[in-house]
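Participant: turn this into a structure:
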Amino acid sequence: MDTKTNFRNSIFSSIVLLIAAVFFLFPLFWMVSGSFKPSMDNLKIPPDLFPFPPVLDNFRELILKGSFFRWFFNSFFVSAITTFLIVIVSSMAGYSLSKKRFYGRNVLFYTIAMSIMIPRQILLVPLFTVVKTFNMFDTYAGLILPAIGWPLGIFLMRQFIITLPNELLDASIIDGCGEIRKFITIVFPMAKPGIGALAIFTFVDSWNDYLWQLLVTKSKNMYTLPLGIANLQQLYSTDFGLLMAGAVVSALPTIVIFLRFQKYFTKGITLGAIKG
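Facilitator: Presented below is the predicted three-dimensional model:
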């Protein structure tokens, strides 16, 4: 009886998961399908699910129209540098908050944790004022530097590093390791799963940060890919095929990054939830 019940539960769970997968993947499928259709075919009623025959005109126009390669470079450069800096800063802060003993450590950690609940939109005006004051408007520094002190990144790395064994760190002190060497040779390599999860979060968040990029850029040479694609929309008409092609190209790097570091993402999230 238990075997039959487990089998039925397994079948039911599989069906629910399949329905959920179709529900969440259909917009992605529709975007990819529409990018290979002529623009007018995207307006058909009833719509065609599959492009027949598929065309590459939308991708060709995307590359020839505007400054596609410049926009792509800006997005990749900003996202990569932002991810690198956040990983370094969050790892060091997480190590200090989890393994070092100093006055006010818990107060500082809880303050950082509570700041995660502050809506990002509230910070836009003060951050924009700081960017303008230091003449970082329409520069890479204005796009990158305000994102470095990410409270969620510090929280995630603290929760992960706190699970590392103290005995190993104590042994490194006996062997004569200084703080910098201990962090680089022991803490950082052991924290790779957490770093992988943080890198995915950071890269995707930076790549898709349309609102902040819109606020601090004005020249087309500084546009990121999401801004450039949005700028292709005409005033009185919309080329849905061109926009879908742009959306496909824009989504590809985040999908590749997630698939490449998926094992680190899963392990980092799992292990980081063990201890608090």
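
Participant: list the contacts of the residue lying closest to Val78 once chain neighbours are set aside.
Facilitator: Closest residue to Val78 apart from its sequence neighbours, by C-beta to C-beta, 6 or more residues apart in numbering: Leu143 at 4.8 Å. Backbone N, C-alpha and C define where each C-beta goes, glycine included. Taking C-beta atoms under 8 Å, 6 or more residues apart in numbering, we find Leu143 in contact with 78, 82, 212-213, 216-217, 222, 224.

Participant: go through stretch 222-233 and flag the buried ones.
Facilitator: For stretch 222-233, a neighbour-count test (16 or more other C-beta atoms under 10 Å) marks 222-229, 232 as buried.

Participant: before we move on, what about stretch 202-213?
Facilitator: 202-209, 212-213.

Participant: closest to Trp71 out of the residues you listed?
Facilitator: Nearest to Trp71 among the buried residues of stretch 202-213: Gln213, at 10.6 Å, using C-beta to C-beta.

Participant: wait, Val249 touches Leu225, no?
Facilitator: Yes: applying C-beta atoms under 8 Å as the test, Val249 and Leu225 come out as touching, 7.3 Å apart.

Participant: and Phe84, how far from Ala199?
Facilitator: From Phe84 across to Ala199, the span is 9 Å (C-beta to C-beta, to the nearest Å).

Participant: who's more crowded, the two?
Facilitator: Applying other C-beta atoms under 10 Å to Phe84 and Ala199 shows that Ala199 carries more neighbours, namely 23 against 14.

Participant: would you mind measuring from that one to Ala141?
Facilitator: 21 Å.

Participant: swap in Leu232?
Facilitator: Here Leu232 is placed at a distance of 27 Å from Ala141 (C-beta to C-beta).

Participant: likewise Gly34?
Facilitator: 37 Å.

Participant: okay, these two: which has more neighbours?
Facilitator: Legend: neighbour count by other C-beta under 10 Å for Gly34 and Ala141, higher for Gly34 (22 against 14).

Participant: low-confidence ranges in the stretch 101-250 of the chain?
Facilitator: Within the stretch 101-250 of the chain, the set of residues satisfying pLDDT under 70 comprises 234-237.

Participant: can you tell me how far the most centrally placed residue in the chain is from Ile257?
Facilitator: In the chain, the residue lying closest to the centroid (C-alpha atoms, centre = their mean) is Val204, at 1.8 Å. Distance, Val204 to Ile257, using C-beta to C-beta: 7 Å.

Participant: show me what contacts the residue nearest to the residue nearest to the centre of the chain when sequence neighbours are not counted?
Facilitator: Spatial nearest neighbour of Val204, excluding adjacent residues (C-beta to C-beta, 6+ apart): Thr254 at 4.9 Å. Contacts for Thr254 (C-beta under 8 Å, 6+ apart) come out as 203-204, 207-208.

Participant: other SSEs contacting the longest helix belonging to the chain?
Facilitator: In the chain, taking DSSP state H as the definition, the longest helix is helix 2-35. With contacts taken as 3 or more C-beta pairs under 8 Å, 6 or more residues apart in numbering; DSSP states H and E, helix 2-35 sits against helix 240-260.

Participant: what comes up buried for the helix it packs on?
Facilitator: 240-250, 253-254, 257.

Participant: swap in stretch 104-116?
Facilitator: Of all the residues in stretch 104-116, those buried under the rule 16+ other C-beta under 10 Å are 109, 112.

Participant: what does that stretch contact?
Facilitator: The contact list for stretch 104-116, computed with C-beta under 8 Å, 6+ apart, reads 97, 151-152, 154-155, 158.

Participant: tell me the predicted confidence for the residue nearest to Val204.
Facilitator: With respect to pLDDT, Thr254 scores 83.
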